[in-house]
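Novice: Any chance you could fold what I've pasted below:
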Amino acid sequence: MTIPTAIAHSVQQTQEWLKELCDYGDLAETHEALAILRAVLHQLRDRLTLEEAVDLAAQLPIVVRGIYYEGWKPHAVPVKFKTKKEFVDQVNTHPLPRSVQAEQAVRDVFAVLTHHCDPGEIADVIAQMPDDLKGLWPTRAQTFRARTR
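Specialist: Next up, the predicted model:
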């Protein structure tokens, strides 16, 4: 049986994303990177407006998009939050590898998203974040709108 090209390409992209997370977080196994990716994406997704959550999903490889939508309750979003601490604490409720700090996991996933997604889309996502959480995004993502005016 031949795997459709779109699926094979998405698997390859997902492997690249997980490899980047392994490199950023000094992780030994991709299953650890997958746990981090899932935890952060779910918290991010649930804090975006419905429209923005769907717009971000369109930027993700098909496999990652499936992880992103896993367990989603669109009628219950966005979950309001005011601080970075609230967001990071919620990431910590997910099973993360023992050696991983939740705040660093958030930084690493935000870096991967910044690297692979459209800068304008990431700027739209960042615009919905509390100011102190915006600081966890790479500088080039935080300053995209100001640089393109």
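
Novice: Secondary structure class of residue 100, three-state.
Specialist: Here residue 100 is recorded as coil under DSSP: H, G, I helix; E, B strand; the rest coil.

Novice: Spatially nearest residue to residue 14 (excluding sequence neighbours)?
Specialist: Nearest residue to residue 14 in three dimensions, chain neighbours excluded: residue 63, at 4.2 Å (Cβ to Cβ, 6 or more residues apart in numbering). (Glycine included, C-beta is placed from N, CA and C.)

Novice: C-alpha coordinates for the longest helix seen in the chain, CSV please?
Specialist: Determined from DSSP state H, the single longest helix within the chain is helix 5-25. This file holds the C-alpha atoms of helix 5-25, laid out as CSV (Å, rounded to 0.1, in the frame of the first residue of the first chain):
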residue,chain,number,x,y,z
THR,A,5,2.1,12.1,-0.8
ALA,A,6,0.3,14.7,1.4
ILE,A,7,0.4,12.3,4.3
ALA,A,8,4.0,11.3,3.8
HIS,A,9,5.0,15.0,3.5
SER,A,10,3.1,15.8,6.7
VAL,A,11,4.8,13.0,8.6
GLN,A,12,8.2,14.3,7.4
GLN,A,13,7.3,17.8,8.5
THR,A,14,6.1,16.6,11.9
GLN,A,15,9.4,14.7,12.3
GLU,A,16,11.3,17.9,11.5
TRP,A,17,9.2,19.8,14.1
LEU,A,18,9.8,17.1,16.8
LYS,A,19,13.6,17.1,15.9
GLU,A,20,13.7,20.9,16.4
LEU,A,21,12.0,20.5,19.8
CYS,A,22,14.5,17.8,20.8
ASP,A,23,17.3,20.1,19.8
TYR,A,24,15.9,23.1,21.6
GLY,A,25,15.0,21.2,24.8
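
Novice: Please list the residues outside that helix that contact it.
Specialist: Residues from elsewhere that reach helix 5-25 (Cβ atoms under 8 Å, 6 or more residues apart in numbering): 3, 27-30, 32-34, 36-37, 61-64, 100, 104-105, 107-109, 111-112, 115-116.

Novice: So which of those sit within helices?
Specialist: Applying DSSP H to those, the entries found in helices are 30, 32-34, 36-37, 62-64, 104-105, 107-109, 111-112, 115-116.
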